[in-house]
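A.B. asks: Next comes the sequence, and after it the predicted model I'd like to discuss.
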Amino acid sequence: MVGGADAGSQGRICCTQPGTAGEGEGGGSFPSPRCGARGEPVPGGHSNKDNGDQAACPVCVSRVCPHGGTTAPGAPRWPRSAWEAGRGGAGRVCGQRRGRGSGAAAMPECPELHLAGRYINEACGGLVFSGGVERSAVGRGPEVPFRSEAYRISATARGKELRLTLAPLGPGAAQDLVFRFGMSGSFRLCPAAELPRHAHLRFLTSESPPRALCFVDVRRFGSWRLGDAWQLDRGPCVVSEYQAFRENVMKNLDDKAFDKPICEALLNQKFFNGIGNYLRAEILYRLKIPPFEKARTVLEALKDREQTRRKKNSSLTLSKKLKQMRENPDLLELCHTVPIEVIATEKNLLDPDHSDNYAAFKNWLQCYLVPGMSSLRDHNGRTIWFQGEPGPMAPKGQRSRKKRAQLKADPEALTPEVQPLPCECCTLPPSRGAF
């Protein structure tokens, strides 16, 4: 939610009023973003109803709520750093800060999927669920043909997928669902009478009053499918299947995927299942590898290193070998250990509302969105953060942009003498910014 310049305006108008073709970019049944102060259409607004991009109103310079579609004249200006860590955009966010629940609110990566699995298993381990599975009319997944008087839920994560198992306590077959979180998917356990917006799949407990485990997805790029099979074109998980992951990369270096820059190859889920935008930046930064160095050049160097290491390590004990790996890791080892660091850092993530979650992750980052670092868009349009030279395969015609240093601010701190106005069309918890 964003403060408008027309401070004298009263009330708020939801920008997600039904639009007509030609209003904004949505048209048809998509919403037409409207100014929160005067109800005017906002040109250049959402490209679809769940797009999180903000759009300034030319009438009162208010902005569209990035996750609920509402503007609120007079809402506080939050620290820019808090919003940048959440979505990489500018300036103002609503009083209900964009939350993550058990996962990220934008582009969840391997750590977020594993943490979501842990959250589900911890929060729901002692609960009994009952009845059918409720699906919203706009959820991007099929109806779930499952019903049971009593069943339990467990979760397993692999790379960027999460499998949910519904296991009846009596007769009947179990039902598996495999989720992809898209850009903003997460799970949240809450009272059934207080469902969050965008809860597209809901599992109800048998207690009274019931609670609901919800798959919440603001931007609706997440999805689910029936069955227990992982997606076939995804490689081994960088966290839970490290040896298989390493072998899959090293034996396929002739694949054309490695003709690309290393920063782009790291996002190829066929080989790096679980690595995403912030992880690739952190991994390459630690090794001082230019992001636009050819992937095959970087990875073939590991073969010689492995042979040298085997000769030196032949007489070392296992503990000394592990110590050596920690002190001098290679790229594939960091693809395994860096996500584990995130999982370990998020010690309070089992409580999605814990205020330390945002600060813990922000303090952990060394490169991604960090002041002083440079950025370029890769050949797929994704922004890569780095330090130093970009490398020989950098896109032509782009100038590297440096993130300017800013005063560090508490993400929970508001501007003086202004109170936050809660977003009327969004009930996400004020947990922490996304990454």
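C.D. replies: Sure thing, it's come through. Numbering: from 1, shown residues only.
A.B. asks: Could you use CA atoms for every contact and neighbour count after this?
C.D. replies: Will do.
A.B. asks: per-residue pLDDT, K362?
C.D. replies: Note for K362: predicted pLDDT of 82.
A.B. asks: what's the helix or strand for it?
C.D. replies: For K362, the enclosing helix or strand under DSSP states H and E is helix 356-364.
A.B. asks: Which SSE is immediately downstream of that helix?
C.D. replies: Following helix 356-364 in sequence order, the next helix or strand is strand 374-377 (DSSP H and E).
A.B. asks: got the contact list for that next one?
C.D. replies: Contact with strand 374-377 is made by 383-388, 395, 398-403, as judged by Cα atoms under 8 Å, 6 or more residues apart in numbering.
A.B. asks: can you give me phi and psi for G391?
C.D. replies: When quoted as degrees, to the nearest 10, the phi and psi of G391 stand at phi 110, psi 170.
A.B. asks: contacting residues around it?
C.D. replies: Listed by Cα under 8 Å, 6+ apart, the contact partners of G391 are 290-293.
A.B. asks: That one and K288: what is the separation?
C.D. replies: To K288, G391 is 11 Å away according to Cα to Cα, to the nearest Å.
A.B. asks: F272 now?
C.D. replies: For F272, the distance to K288 (Cα to Cα) stands at 19 Å.
A.B. asks: What's the end-to-end length of stretch 222-229?
C.D. replies: End to end - Cα to Cα - stretch 222-229 spans 17 Å.
A.B. asks: Isn't R140 up against R220?
C.D. replies: Yes: counting by Cα atoms under 8 Å, R220 is a contact partner of R140 at 6.9 Å.
A.B. asks: Compare neighbour counts for the two and give me the winner.
C.D. replies: Between R140 and R220, counting by other Cα atoms under 10 Å, R220 is the more crowded of the two (20 against 17).
A.B. asks: was I right about the more buried one contacting R197?
C.D. replies: No: using Cα under 8 Å, R220 is not in contact with R197, being 11.6 Å away.
A.B. asks: Dump the C-alpha coordinates for stretch 120-134 into CSV.
C.D. replies: This file holds the C-alpha atoms of stretch 120-134, laid out as CSV (Å, rounded to 0.1, in the frame of the first residue of the first chain):
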residue,chain,number,x,y,z
ILE,A,120,4.6,-28.2,7.2
ASN,A,121,6.0,-31.2,9.0
GLU,A,122,6.6,-29.2,12.2
ALA,A,123,3.3,-27.3,12.2
CYS,A,124,1.1,-30.2,11.0
GLY,A,125,2.8,-33.2,12.4
GLY,A,126,0.4,-33.7,15.3
LEU,A,127,-2.7,-32.5,13.5
VAL,A,128,-5.5,-34.7,12.0
PHE,A,129,-7.2,-33.3,8.8
SER,A,130,-10.7,-34.3,7.6
GLY,A,131,-12.9,-33.9,4.6
GLY,A,132,-12.1,-32.9,1.1
VAL,A,133,-9.5,-30.5,-0.3
GLU,A,134,-10.9,-27.0,-1.1
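A.B. asks: returning to what we had before: most neighbours among the contacts of G391, please name it.
C.D. replies: P291 leads these on contacts (other Cα under 10 Å) with 29 neighbours.
A.B. asks: Next, give phi and psi for that residue.
C.D. replies: phi -60, psi -30.
A.B. asks: Return the distance of it relative to D254.
C.D. replies: Counting by Cα to Cα, the gap between P291 and D254 amounts to 20 Å.
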